[in-house]
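[1] build me a model from this:
(chains A and B)
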Amino acid sequence: MSRPSSEAQYLARLVPPSVAATGINRRALLRGALGGATLLGATSLLAACGSGGGSGSVPADGALTIGSSASDAVPKKALADVVAGFKEPGITPRINTVEHEAFQENINNYLQGSPDDVFTWFAGFRMQFFAARGLAGDISDVWQNVTGMTEALKKQSTGEDGKQYFIPSTYYPWAVYYRPSVWAEKGYTAPKTLDEYVALGEKMKQDGLVPIAFADKDGWPAMGTFDQLNLRINGYDFHVGLMAGKESWDTPQVKNVFDTWRRLLPLHQPDSLGREWQEAAQAIQQKKAGMMVFGMFIGEQFNEGADREDLDFFPFPEVDSRIGTDAIEAPIDGYMMSARPKNEPGAKKFLSYLSSPAAQDVQVKANPTVVATNSAATTTGYSALQKKAIEYVASAKSIAQFMDRDTRPDFASTVMIPAIQQFISNPNDIDGLVKSIESQKKTIFTG
Amino acid sequence: MTTQQTAPPKAGAAATAPAGRVNRRVRRLTGLDLVVVSLMVAIPTLAVLVLVWFPAVASVLLSFTNWDGVGSIGDIDWIGGTNYVNVATNYPPFWPALQHNIIWFAVLFLFATPVGMFFAVLLDKEIRFTRFYQTAIYLPVVLSLALTGFVWQLLYSRDQGLINGLLGTQIDWYGDPNYNLWAAIVATCWKHIGYIMLLYLAGLKAVDASLREAASIDGANERQTFFRIVFPVMRPINVIVLVITVIESLRAFDLVWVINKGRNGLELIAALVTANVVGEASRIGFGSAMATIMLAISSVFVAIYVTIVTREERQS
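    Model prediction:
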């Protein structure tokens, strides 16, 4: 939701008709709103230039601000608990929570304005993109004292310049989720290959279940299915190259992905473009659908206790035996430091704390749909699902993030979301689709 | 604006100075008057320049760049008309969006606006319960956008909606690109009709009653009175209604944004501009190119409006 522009338009609506009728005023408000975003960017830049330097200075009251996009109840409480556990004399942390969609959409203006000292963000390309633009603080010195993080995690925290800009906190795997109780009752077993997957889907259909719960109103959930198929059909290296803009979309490989997906579409829940992921997840929860390609946070839609324990996953089935199933997707969430924090020593201490097993234990305890990144974190309190997630990720050879984290944000949101939605509503023109994606890609991945 | 109105007659000055000697009156402004007048002119002018013209011109300029919203203004690369070429030839949502804006305008103009005017004429007759109808029809205009979206969601929902319940269908009104534009337009008409009705009702109340009397004495029936007498007399309001309809259809944005961010059958130019400029995408140059196209289209209508208004003022 774009706050500034809709608010200006909301205000425009309040103008009495006698005034509004002059025409120019109403238009002007809209223009003002659109230009406003630009203006905001420009002025905040100047402000940023003015406040440069001063590394090591600390606000007198030791204030440390944390910008959080954890606006949903479960993750919000998790962060509050983590912050409450940070007991460092002279530092008073304060959380500023912003609704997560709004937080992500305004990230550009936010980081160029007066951002909080520490903020929640994502690993991978989506982190590097902002680090490369000088909008994130270098925290390589924090990393020197970090323990319990794998080399792969460090790589995902490293910018294009080789410095670290990110502290991983939690992750969750994408896979195919289902209700073991439903499967036991019907006698289903986890499919190993695409053919078994299709056969299982057909069987579910006969049993009166929706085989694959599916929703793409928000534009991003279907990206997960594309990623899984691409990783299985073309492998990790091709996937990463494709996301980085190096491979062409207008290739037999990508066409093959969409072709395979088209074969599976009849097994997907229909009318997905008007459905939010929560509704699709509830179809699983209410035992109306058989399975769903999703992230582990599907568990948020389940009730705590026995209901949530009746949830399991299996890896997306193998499509090509030469490729196998050892490439998976497990997005990492974590924290970054802004480029010019007001309390740099405090921010670094806090980030160091966030990487510790102690902080991650608190976080995961409050939000059991994720898994801690630090290998020294306690896993005794983990549910069977969380334990399985750790094994699953540990056994994977390569780990991708997610389409909107592995590629440029502008490409993901203005090209891929409309393209995938178009594919879902008309799966027959794959040639035209990939051609269009490729030609739009060339205008975005320049230089 | 006519010249008589620019210098408001001051009680003392008007009494002593002979009529028509404007120059002498102006010279009698005291120093304080000058300061006040200058401020009254300067502040609004400044506000218009800063809030309207600067962003507008900046957007037009940015539309010739590939700025991504990050980095200083000095680093901007000028890429000529590339953004416009890309918008037209290499951005699939653009042409559907333009088409949707045109459909939006056509429905508002051919259906919602006439219905609103018709309601106004009916209510102007002082029929029974007229105030109740007036309130009922205007109510949607008062409702906030979030509420509008919610109210219609109750009717449109695929699984629990009233419409599907009554018809026994399972149509996904907001999600199916064959229907969702029309579903959104119906919701918009719901608001637009009330808005036009109130505007037009105010105009009708201002029509000189003696005109109607004269018409009825001459033996004109209701229809003739309206189309031959009242409608032409209300020309200024008619123009305003037309301009509002055009503007409403160009700035149509909020409802589709609330529904699904203007994707999948609900593309509108304003939504595309927002999606490109405001979000994490931050394709400011590209989005500005679409904003400029919108500006150009609306300028045509504003120019027509201004021409009509000034011509009328000259005539009167």
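[2] contact partners for the residue lying closest to residue A:315 once chain neighbours are set aside?
    Distance criterion Cβ to Cβ, 6 or more residues apart in numbering or on different chains; nearest residue to residue A:315, sequence neighbours excluded, is residue A:325 at 5.0 Å. Any C-beta I mention is one placed from the backbone N, CA and C, and that applies to glycine too. By Cβ atoms under 8 Å, 6 or more residues apart in numbering or on different chains, residue A:325 lies in contact with A:232, A:315, A:316, A:317, A:318.
[3] so which strand or helix has residue A:325?
    For residue A:325, there is no enclosing helix or strand under DSSP states H and E.
[4] so how far is residue A:290 from it?
    20 Å (Cβ to Cβ, to the nearest Å).
[5] one more: residue A:423?
    The separation that residue A:423 has from residue A:290, given Cβ to Cβ, amounts to 23 Å.
[6] repeat that for residue A:335.
    Counting by Cβ to Cβ - residue A:335 and residue A:290 are separated by 37 Å.
[7] which of those two has more neighbours?
    Taking other Cβ atoms under 10 Å in any protein chain shown, residue A:335 and residue A:290 do not tie; residue A:290 has more neighbours (26 against 22).
[8] ok, and the closest non-adjacent residue to that one?
    residue A:204 (4.2 Å).
[9] any idea how far the helix or strand that neighbour falls within is from the chain center?
    Using DSSP H and E, residue A:204 maps to helix A:194-206. Put simply, helix A:194-206 sits 29 Å off its chain's centre (Cα atoms, centre = their mean, to the nearest Å).
[10] for residue A:279, what are its contacts?
    Neighbours of residue A:279 in contact, by Cβ under 8 Å, 6+ apart: residue A:215.
[11] which residues touch stretch B:187-200?
    By Cβ under 8 Å, 6+ apart, stretch B:187-200 touches A:17, A:21, B:104, B:107-108, B:111-113, B:115-117, B:119-121, B:123, B:134, B:137-141, B:143, B:148-149, B:152, B:234, B:237, B:240-241, B:244-245, B:248, B:252, B:255.
[12] so which helix or strand takes in the spatially most central residue of chain B?
    By Cα atoms, centre = their mean, the mean C-alpha position of chain B lies nearest to residue B:247, the distance being 3.1 Å. Using DSSP H and E, residue B:247 falls within helix B:235-250.
[13] all the helices of the stretch 201-316 of chain B, residue numbers only.
    Ranges of helices within the stretch 201-316 of chain B are B:209-217, B:222-224, B:231-233, B:235-250, B:254-260, B:269-277, B:284-315, based on DSSP state H, counting those that start in this stretch.
[14] can you give me how far the second one is from the chain middle?
    Which is helix B:222-224. 30 Å.
[15] any idea of the mean pLDDT in that helix?
    Helix B:222-224 shows a mean pLDDT of 87.
[16] secondary structure class for residue B:57?
    helix (DSSP: H, G, I helix; E, B strand; the rest coil).
[17] work out for me the element residue A:177 sits within.
    Going by DSSP H and E, residue A:177 is part of strand A:174-178.
[18] quick one, strands of the stretch 301-447 of chain A?
    A:312-314, A:327-329, A:332-337, A:371-372, A:398-400 (DSSP state E, counting those that start in this stretch).
[19] state the pLDDT value of residue A:306.
    For residue A:306, pLDDT reads 88.
[20] for the stretch 201-350 of chain A, give me the ranges with low pLDDT.
    Within the stretch 201-350 of chain A, not a single segment meets pLDDT under 70.
[21] what about 90?
    A:217-218, A:244, A:270-271, A:273-276, A:300-306, A:308, A:326 (pLDDT under 90).
[22] which parts of it sit against chain B?
    Within reach of chain B by Cβ under 8 Å from any Cβ of the partner chain, the stretch 201-350 of chain A has these residues: A:217, A:219, A:271, A:272, A:273, A:274, A:275.
[23] swap the cut-off to 7 Å and go again
    Within the stretch 201-350 of chain A, the residues that sit near chain B (Cβ under 7 Å from any Cβ of the partner chain) are A:217, A:219, A:271, A:273, A:274, A:275.
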